[in-house]
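Colleague: task: produce atomic coordinates for the following.
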Amino acid sequence: MPTARGRIDKRQAILDAAITVFARRGYDQACVQEIADEAGVAKPTVYNHLTDKATLFREAMTAATGAAVARHLATLDRLADPGDDLRAVLEEVALDLLRCHCDERSRAVRRLLHAETARFPGLLSLVRGPSGHRVTEALADRLARLALAGRLRGADPSLAAEQLIALLTGPADLRWPVGSPPDDDLVTIAHAAVDTFLRAFAADPPVSQERAIRA
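Modeller: Predicted structure coming up:
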């Protein structure tokens, strides 16, 4: 009899394979047999874990979103103790958030979300509901703590978090609606976003810390 750990690992392999196949084929053209082959399991095993194709799709999308949220939250932990160079840490955090937003798995989830919202009307709230807001809330909490420490202005932390995220994701989505952007360009966007953010929210004008934005 398989152990509980083995069942969890097998289920995760199926969910990972499902996102890969759904992204490659689309929902209509994807078949459970191909997902089973991708996961390295028998087709009945897929049905034992996820009862049908629709359930498999919803669970795979939820799992992929949860993994991205966990990665974002781990990145934001670095703002708990940024040290003396707040700008440098903000740039590192911003770049990691942007890399996660632009990686193939995240892009695949967004494409599938837009393509299948009509078929799965609850999918948008499922993917962008409470778990989607956790990243903004966690960033707002970190920014509020930095404001209390005198590192940032005492502005609305939720608004500040939303604006920083928009400064990162907006240019990336506009410039690369499809495909993976070069990492050097992500660095440029991250640095520009932090520069704009600090001009608005730094406790003191960051004149002495201004950095020329790489072209």
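Colleague: for the host helix or strand of Asp173, name the packing helices and strands.
Modeller: Under the criterion of DSSP states H and E, Asp173 resides in helix 157-175. On a contact count with 3 or more Cβ pairs under 8 Å, 6 or more residues apart in numbering; DSSP states H and E, helix 157-175 meets helix 86-102, helix 130-148, helix 183-201. For the C-beta atoms, the positions are set from N, CA and C on the backbone; glycine is no exception.
Colleague: okay, buried residues for that helix please.
Modeller: Buried positions in helix 157-175, judged by neighbour count with 16 or more other Cβ atoms under 10 Å: 157, 160-161, 163-165, 167-169, 171-172.
Colleague: could you give the mean pLDDT of that helix?
Modeller: Model confidence over helix 157-175, given as mean pLDDT, is 94.
Colleague: coming back round to it: of the helices and strands packed on helix 157-175, which stretch is the most buried?
Modeller: Mean neighbour count, computed with mean count of other Cβ atoms under 10 Å, is highest for helix 86-102 among the helices and strands packed on helix 157-175, reaching a mean of 20.
Colleague: quick one on the thing from earlier: run through who's touching the helix holding Asp173.
Modeller: Residues outside helix 157-175 that contact it (Cβ atoms under 8 Å, 6 or more residues apart in numbering) are 94, 97-98, 101-102, 135-137, 139-141, 143-144, 147, 152, 181, 185-186, 189-190, 192-194, 196-197, 200-201.
Colleague: quick check: next helix or strand after the helix or strand where Ile35 lies?
Modeller: Per DSSP H and E: Ile35 is located in helix 32-39. Using DSSP H and E, the next helix or strand after helix 32-39 towards the C-terminus is helix 43-49.
Colleague: show me what that next one is packed up against.
Modeller: Contacts defined by 3+ Cβ pairs under 8 Å, 6+ apart place helix 43-49 against helix 4-29, helix 32-39.
Colleague: now Asp141, nearest residue through space, not along the chain?
Modeller: Pro157 (7.2 Å; Cβ to Cβ, 6 or more residues apart in numbering).
Colleague: can I get the helix holding Asp173 as PDB, trimmed to CA atoms?
Modeller: Output of helix 157-175 as PDB, limited to C-alpha atoms (Å, rounded to 0.1, in the frame of the first residue of the first chain):
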ATOM      1  CA  PRO A 157       0.900  50.800   2.900                       C
ATOM      2  CA  SER A 158      -1.800  49.000   0.900                       C
ATOM      3  CA  LEU A 159      -1.700  51.700  -1.800                       C
ATOM      4  CA  ALA A 160       2.100  51.700  -1.700                       C
ATOM      5  CA  ALA A 161       2.200  47.900  -2.200                       C
ATOM      6  CA  GLU A 162      -0.300  48.000  -5.100                       C
ATOM      7  CA  GLN A 163       1.700  50.700  -6.800                       C
ATOM      8  CA  LEU A 164       5.100  48.900  -6.500                       C
ATOM      9  CA  ILE A 165       3.600  45.700  -7.900                       C
ATOM     10  CA  ALA A 166       2.000  47.700 -10.800                       C
ATOM     11  CA  LEU A 167       5.400  49.400 -11.500                       C
ATOM     12  CA  LEU A 168       6.900  45.900 -11.900                       C
ATOM     13  CA  THR A 169       4.200  43.900 -13.700                       C
ATOM     14  CA  GLY A 170       2.800  46.700 -15.900                       C
ATOM     15  CA  PRO A 171       5.900  47.300 -18.100                       C
ATOM     16  CA  ALA A 172       6.700  43.500 -18.300                       C
ATOM     17  CA  ASP A 173       3.200  42.600 -19.400                       C
ATOM     18  CA  LEU A 174       3.100  45.500 -21.900                       C
ATOM     19  CA  ARG A 175       6.500  44.800 -23.500                       C
END
